[in-house]
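**Student:** Fold the following.
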Amino acid sequence: MMTKKQKQVLDFITTSQSRNGFSPSLDEIRKKFKLASVSTAHFHVSRLRDIGYVTKVAHKPRAIDVISNETIVKSTPQPMEGVLNTGLVHTDFLEKIDFQIHGKNLYENLPLNKILCGDAVEILKKIPSNSIDLAVTSPPYDDIRTYNGFSLDLPAVGRELNRVLKDGGVAAMVIQDSTRNFGKSLTSFRTIIDWCDNAGFKLFETVIYRKHGTEGAWWKKRFRVDHEYMPIFLKGDRPSFFNKEPLKIPSKHGGKTMTGSGNRRTDGTTTETVTRTINSMKCRGTVWDYLNAGDKNPLKRKHPATFPDKIPLDFIQCFCPPNGIVLDPFVGCGSTMVAAKQLGRNCIGIDISKEYCELARERIRATPTPLFS
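**Tutor:** The predicted structure is shown next:
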């Protein structure tokens, strides 16, 4: 199933072949759709090749060819029966179920409110395209923790997340870089570039997660690390759901009437002075304070690397509609699923560690179902 952007690329290739007698180059596709790079154009063409719409000869210019002139399905994906109209089923959280597989090894019904134990990429491949509203996760990066000895393929995870997200869907990640020999690994930056250039995302924003550094740490030749990065990836042109009201914070000068000019033009001059009453609440910026990752939860602390439950709570309220579906491909101690259950959203969790899957199940069982969704 192709995305809206891939349908537009296919139409552009078809029109160019008909009009000019040859296909557009990857750079022409990039310029036409104002893509971030040629790599992004290559991703869309490769996806069209994988699902059988075009062929492409490697290392040959203008070697893209449309396979046939059959009518292309509408760009708006049609949900599979029983997949998206399931409603909230939080009374069934974590109950055992035998998943039925059909077609290209896809789940016939989405395993809503379940934790799936296995490799993230392989399980993501079984989830239908364009079926998830929001992904919130923190991958086991840079061997900062052992995570029971498991490793991961972040580029492959990015490609699969882009496929399963709906158009306008968002993937939010918590990530940081390790330090070796006084140099940062740059894993966070490489991942952001890879997911934008090769997985098909655009970077909506990068938020800074401000936290307490290690108490008592005395770094003689380094700074104490008191932040992590939270890149927010977007599939498509704009978020399909965005509600920043729950994320607003009190204004320092709320209720006061103040006079000032505040804006500087490109030529260096300032705008005219204005007088206005300051709202009591304001939009949160790009530095978010979460100063207690463990949430004082002994069960949660059994996992080696946690983030505050408030992080997925904020992302879900902002980017997931009330009847939406949240996914965490590295569910760990279950914070994303706990937040989803508290907010009355459906959720799917994945983890390769049986120990962490059971830990997450235990936390979710202890989380009350909301009285009102």
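
**Student:** shaky segments in the stretch 101-250 of the chain?
**Tutor:** 101-105, 142-151, 213-219 (pLDDT under 70).

**Student:** Burial check on residue 30, number of neighbours?
**Tutor:** Using other CB atoms under 10 Å, residue 30 has 19 neighbouring residues. To be clear about C-beta, it is placed using only N, CA and C from the backbone, and glycine gets the same treatment.

**Student:** Confirm that it sits in a helix.
**Tutor:** Yes: according to DSSP: H, G, I helix; E, B strand; the rest coil, residue 30 belongs to a helix.

**Student:** which residues does the residue nearest the centre of the chain contact?
**Tutor:** In the chain, the residue lying closest to the centroid (CA atoms, centre = their mean) is residue 171, at 0.7 Å. Under the criterion of CB atoms under 8 Å, 6 or more residues apart in numbering, the contact list for residue 171 reads 134-137, 158, 161-162, 165, 195, 201, 232-233, 235.

**Student:** one more time with 6 Å
**Tutor:** Taking CB atoms under 6 Å, 6 or more residues apart in numbering, we find residue 171 in contact with 135, 161, 233.

**Student:** Spell out, range by range, the helices that occur in the stretch 201-350 of the chain.
**Tutor:** Counting by DSSP state H, counting those that start in this stretch, the stretch 201-350 of the chain has helices at residues 310-319, 335-343.

**Student:** Residue 186 is nearest to which of these?
**Tutor:** helix 310-319 (22.6 Å; CB to CB).

**Student:** for that closest one, which positions count as buried?
**Tutor:** By neighbour count on 16 or more other CB atoms under 10 Å, the buried set for helix 310-319 is 310-319.

**Student:** quick one: which of those is nearest to residue 185?
**Tutor:** If you rank the buried residues of helix 310-319 by distance to residue 185 using CB to CB, residue 311 comes first, at 21.9 Å.

**Student:** List the neighbours of the lengthiest helix in the chain that are in contact with it.
**Tutor:** Among the segments of the chain that qualify as a helix by DSSP state H, the longest is helix 4-20. With contact meaning CB under 6 Å, 6+ apart, helix 4-20 is reached by 23-24, 32, 44, 47-48, 53, 64, 66, 75, 167.
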